[in-house]
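J.: The following block contains a protein sequence and its predicted model.
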Amino acid sequence: NAQVAEYFGEAPSNAKACDETSDKNFCTTFHAADTAYWKNVAFWNTPIEQCLDGRTDVKCVPYAKWVQAWTEIKG
């Protein structure tokens, strides 16, 4: 996990990997144990019509519409 995290430049998924990184500051640099930092991270989800951010006054764009728009753009 340490090697994969370093290769991709991201925090490892296993905290024990921090002891195995070649750069001993790696996990600090990538906020591996910084709970406050991770509370502000929003992970990508497949778009759906029901907005994932809790809005109920609008309809969000479902994934099929994203694909359709991308296909039209690419031609």
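T.: That came in fine, so what should we check first? Numbering: from 1, shown residues only.
J.: distance of residue 18 from residue 26?
T.: 7 Å (Cβ to Cβ, to the nearest Å). (Glycine included, C-beta is placed from N, CA and C.)
J.: now do residue 13
T.: From residue 13 to residue 26 the distance is 14 Å (Cβ to Cβ).
J.: Leaving out the residues flanking it, which one is nearest to residue 49?
T.: Excluding the flanking residues, the one nearest residue 49 by Cβ to Cβ, 6 or more residues apart in numbering is residue 62, at 4.5 Å.
J.: got a list of what residue 52 touches?
T.: 45, 60 (Cβ atoms under 8 Å, 6 or more residues apart in numbering).
J.: Make residue 1 into 568 and carry on from there
T.: Sounds good: first residue 568 from here, last item residue 619.
J.: distance of it from residue 578?
T.: From residue 619 across to residue 578, the span is 23 Å (Cβ to Cβ).
J.: Have a look at residue 580 and residue 593 and say which one is more surrounded.
T.: residue 593 (19 against 10; other Cβ atoms under 10 Å).
J.: which residues touch the more buried one?
T.: Per Cβ under 8 Å, 6+ apart, neighbours of residue 593: 572-573, 585, 599.
J.: now, which of those sits nearest residue 614?
T.: Nearest to residue 614 among these, counting by Cβ to Cβ, is residue 572 at 27.6 Å.
J.: The residue nearest to residue 585 when sequence neighbours are not counted - how many residues pack around it?
T.: Closest residue in space to residue 585, ignoring its immediate chain neighbours: residue 594 at 3.8 Å, by Cβ to Cβ, 6+ apart. As a burial measure, residue 594 scores 20 neighbours (other Cβ under 10 Å).
J.: Quick check: residue 572 touching residue 588?
T.: Yes. Using Cβ atoms under 8 Å, residue 572 is in contact with residue 588, at 7.1 Å.
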